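Trainee: structure for this input, please:
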Amino acid sequence: MQHFTFRAAMKKILIAISLFLLVLGKLNGQTSGDEALRIATFCKVWGFLKYYHPAVAKGTMDWDSVFLSRMGKLKALSKKEEINNFYITWLESLGKVEPCKKCRNDLSPNALTFNLDLDWLNDSTEFSPEMMNRLRFIRQNRNQGENYYVKTFPGVGNADFGNELPYKDSVFPSPELRTLGLARYWNMIQYFFPYKYIIGRDWKEVLVEMVPKFTDAKDTVSYHLAMLELTAKINDSHAGFTTKYTNQYFGLKWVPFQYKIIDNKAIVTGTYNDTLMVENDMLIGDVVLKSGNRDIGEIIREKSKFVGASNEATQLRNFRNYLFNGDTDSVQITFDRNGKVFQKTIGRYLYPSFHYPPANANPADTFKMLGDNIGYVNMGLLQPGQVDGLFKQFEKTRAIIFDVRNYPNSTLYNISYHLNPDRVSFAKFSVPDPTYPGVFTYTKTVSAGGKNKNHYRGRVVLLFNETSQSHAEFTLMALKTAPDVIGIGSQTAGADGNVSVITFPGNFKTFITGIGVYYPDGKETQRIGIVPDIEVKPTISGIRAGRDEVLEKALEVLSVK
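Mentor: Residues are numbered from 1 along each chain as shown. Coordinates of the predicted model:
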């Protein structure tokens, strides 16, 4: 009996604490868990109607204003019955949806449905039977004509969201307008991001998680960090987001060296300014263990939620201004130089003072002979008009190394013609279907090469790593069709395909990969990237010695005749 009394007393105390925290949250303007769920459902309904409802999709009403006014009314509701009446009244105000004779609900064999996620329309915990029936009817009789809010770019097929209002003067918008930005972004990903199915998380859970971060943002910086964190959650190396406020938060002043993260250490690999490197006595190969009094690994774990990328290698690449940047003129570092650990203070500088990058590269570095009758091509420097001359010069070589650890200049088709004896398919795309948002379709395969009896007959080696992104990856896919080709290096950035622009309130822009890129057999490239035949990654000892270990491996492979 005493035990029962104790448990009952504890239960009352826990209930009292919960009520206290709920009231405290209300007083502090914090969004509760139930409120976040309710707002998330509202965002989903609003976005569904935006792209599916025939009357809304025509753009004849200001759908943003509807969001702002309706969200204000939603805040006063809490019971399921009154919330459903709120939604049903809303649907009725849009007018009658006529049966759609053109709508194909059985879907064609070419339709890709792995991104289609409308099971939430049948969520009986949120919706009444009548509400679910109404939503399902709209889905089955959805808009089939032009959609004002989303078009597709001619000849490519990625989504064009160009009619969204930017709200240019809203650097720190109202809570409702901030939440509109969240709803806008979330629904664009929900229906038009080709790789939503491999984000790695339930996208609906992300919405609930992010609602308080948008509604409760206490200032401009908090709002901008919320946008940054949201864009990072789609795990797409194209999804960059930066504003002057995010830059100020992480620090506008840089250390003068470039670095690569290996085993939670920052290895100095290059310089932004030679003079400042000397002044600060920093050497290539120095291994930085701490920034301030914090381990590099600790900083990576803390800030990783803000650093979006398709895979880990590219995420670490994107940490270039997160480990050492700050607002002060200096930072103390702990570093290892040739096995001895030191501490010292080094300078930090505004990036423009580096005058980086330096003057244009030497044209002679574009393509050259390496010895042993092997040609080398820097694809980041090679221009389309140089391709024919390159192959004329390298016609008798026994191998050509194409270095794609950079961003090529649309040379892939001309190079492929010289490498291949015939035309070869190397890719196909998936594009969104605006008449059934969430559904995608494959395009015809894309080919490279052509009939060429005089094609290059030597060996071909491709070098790549996490800096090889987008067009670089597409170039690699084409060049991999050569008859005698081998890829050496490490996983690429895993973000291939034309980008689409998304605008948050305040006119802050971000990007997404807008079309899916696959091999002809349907094998994915997103997040995976281009996989090398021989994996080689730089080592600390190799960097210290100034070696290019990836190129060395290529020459080693080619030495076996």
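Trainee: how many other residues sit next to the residue nearest to residue 171 when sequence neighbours are not counted?
Mentor: Counting by C-beta to C-beta, 6 or more residues apart in numbering, residue 171 lies nearest to residue 506, which is 5.3 Å off, once chain neighbours are set aside. In this view, the C-beta of every residue, glycine as well, is placed from N, C-alpha and C. The number of residues packed around residue 506, counting by other C-beta atoms under 10 Å, is 23.
Trainee: could you pull up phi and psi at residue 120?
Mentor: For residue 120, the backbone dihedrals (degrees, to the nearest 10) come out as phi -60, psi -20.
Trainee: surely it is in contact with residue 44?
Mentor: Yes - at 6.1 Å, residue 120 and residue 44 qualify as touching, with contact defined as C-beta atoms under 8 Å.
Trainee: which neighbours do these two share?
Mentor: Shared contacts of residue 120 and residue 44, defined by C-beta atoms under 8 Å, 6 or more residues apart in numbering, comprise residue 204.
Trainee: more crowded one of the two?
Mentor: Here residue 120 and residue 44 are set side by side on neighbour count (other C-beta under 10 Å), and the busier one is residue 44, at 21 against 15.
Trainee: residues contacting the nearest residue to residue 46 once chain neighbours are set aside?
Mentor: Counting by C-beta to C-beta, 6+ apart, residue 67 is the residue found nearest to residue 46 once chain neighbours are left out, at 5.4 Å. With contacts defined as C-beta under 8 Å, 6+ apart, residue 67 is in contact with 46, 176, 180, 183.
Trainee: repeat that for residue 494.
Mentor: 237, 309, 310, 311, 314, 473, 525, 526, 527, 528, 529.
Trainee: just give the number of residues close to residue 33.
Mentor: Burial of residue 33 is recorded as 12 neighbouring residues (other C-beta under 10 Å).
Trainee: could you pull out the helices for the stretch 151-300 of the chain?
Mentor: Assigned by DSSP state H, counting those that start in this stretch, the helices in the stretch 151-300 of the chain fall at 175-192, 203-215, 220-232, 244-250, 274-279, 296-303.
Trainee: out of these, which is closest to residue 56?
Mentor: Comparing these against residue 56 with C-beta to C-beta, the closest turns out to be helix 175-192 (12.1 Å).
Trainee: mind checking how far residue 157 is from residue 444?
Mentor: Note on residue 157: its distance to residue 444, by C-beta to C-beta, to the nearest Å, is 12 Å.
Trainee: more neighbours: which of these two?
Mentor: Comparing residue 157 with residue 444 by neighbour count (other C-beta under 10 Å), the higher total belongs to residue 157, at 23 against 8.
Trainee: doesn't residue 456 make contact with residue 485?
Mentor: No - the criterion here is C-beta under 8 Å, and residue 485 misses it with residue 456 at 10.7 Å.
Trainee: what sits in contact with each of those two?
Mentor: Contact with both residue 485 and residue 456 is made by residues residue 419, according to C-beta under 8 Å, 6+ apart.
Trainee: between these two, which one's more packed in?
Mentor: Here residue 485 and residue 456 are compared on neighbour count by other C-beta under 10 Å; more neighbours surround residue 456, at 23 against 17.
Trainee: contacts only, for that one.
Mentor: By C-beta under 8 Å, 6+ apart, the neighbours of residue 456 are 391, 394, 395, 400, 418, 419, 482.
Trainee: regarding it, what is its secondary structure?
Mentor: coil (DSSP: H, G, I helix; E, B strand; the rest coil).
Trainee: one step back: how about TSV for the helices of the stretch 151-300 of the chain, with mean pLDDT added?
Mentor: As requested, the helices of the stretch 151-300 of the chain are exported to TSV (pLDDT from 0 to 100):
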stretch	mean pLDDT
helix 175-192	98
helix 203-215	98
helix 220-232	98
helix 244-250	96
helix 274-279	98
helix 296-303	98
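Trainee: tell me the most buried of the ones you listed?
Mentor: Here the criterion is mean neighbour count by mean count of other C-beta atoms under 10 Å, and of the helices of the stretch 151-300 of the chain the winner is helix 175-192, at a mean of 23.
Trainee: roughly how far apart are the closest residue to residue 166 other than its chain neighbours and residue 50?
Mentor: Excluding its sequence neighbours, the residue lying closest to residue 166 (C-beta to C-beta, 6+ apart) is residue 507, at 3.9 Å. Using C-beta to C-beta, we find residue 507 at a distance of 20 Å from residue 50.
Trainee: give me the more crowded residue out of the two.
Mentor: It is residue 50, of residue 507 and residue 50, that has more neighbours when counted by other C-beta under 10 Å, with 26 against 14.
Trainee: looking at it, that one is touching residue 56, isn't it?
Mentor: Yes - shown here, residue 50 and residue 56 form a contact pair, counting by C-beta under 8 Å, at 5.7 Å.
Trainee: isn't residue 51 right up against residue 58?
Mentor: No - the pair formed by residue 51 and residue 58 falls short of the contact definition of C-beta under 8 Å, at 11.7 Å.
Trainee: got any residues that touch both of those two?
Mentor: Shared contacts of residue 51 and residue 58, counting by C-beta under 8 Å, 6+ apart, come down to residue 143.
Trainee: the two: which has the busier surroundings?
Mentor: residue 51 (22 against 14).
Trainee: distance check, residue 382 against residue 475.
Mentor: As it turns out, when the distance is counted by C-beta to C-beta, residue 382 lies 10 Å from residue 475.
Trainee: more neighbours, those two?
Mentor: For the pair residue 382 and residue 475, the greater number of neighbours falls to residue 475 (28 against 21), based on other C-beta under 10 Å.
Trainee: now do the same for the more buried one: helix, strand or coil?
Mentor: For residue 475, the reduced secondary structure class is helix; criterion used: three-state DSSP.
Trainee: hmm, back to that, among the contacts of residue 494, name the buried ones.
Mentor: 237, 309, 310, 311, 314, 473, 525, 526, 527, 529 (16 or more other C-beta atoms under 10 Å).
Trainee: report all helices and strands that the helix or strand hosting residue 429 contacts.
Mentor: Element membership for residue 429, per DSSP states H and E: strand 424-432. In this structure, strand 424-432 makes packing contacts with strand 440-442, strand 446-448, helix 471-479, strand 516-518, judged by 3 or more C-beta pairs under 8 Å, 6 or more residues apart in numbering; DSSP states H and E.
Trainee: no further queries at this time; thank you.
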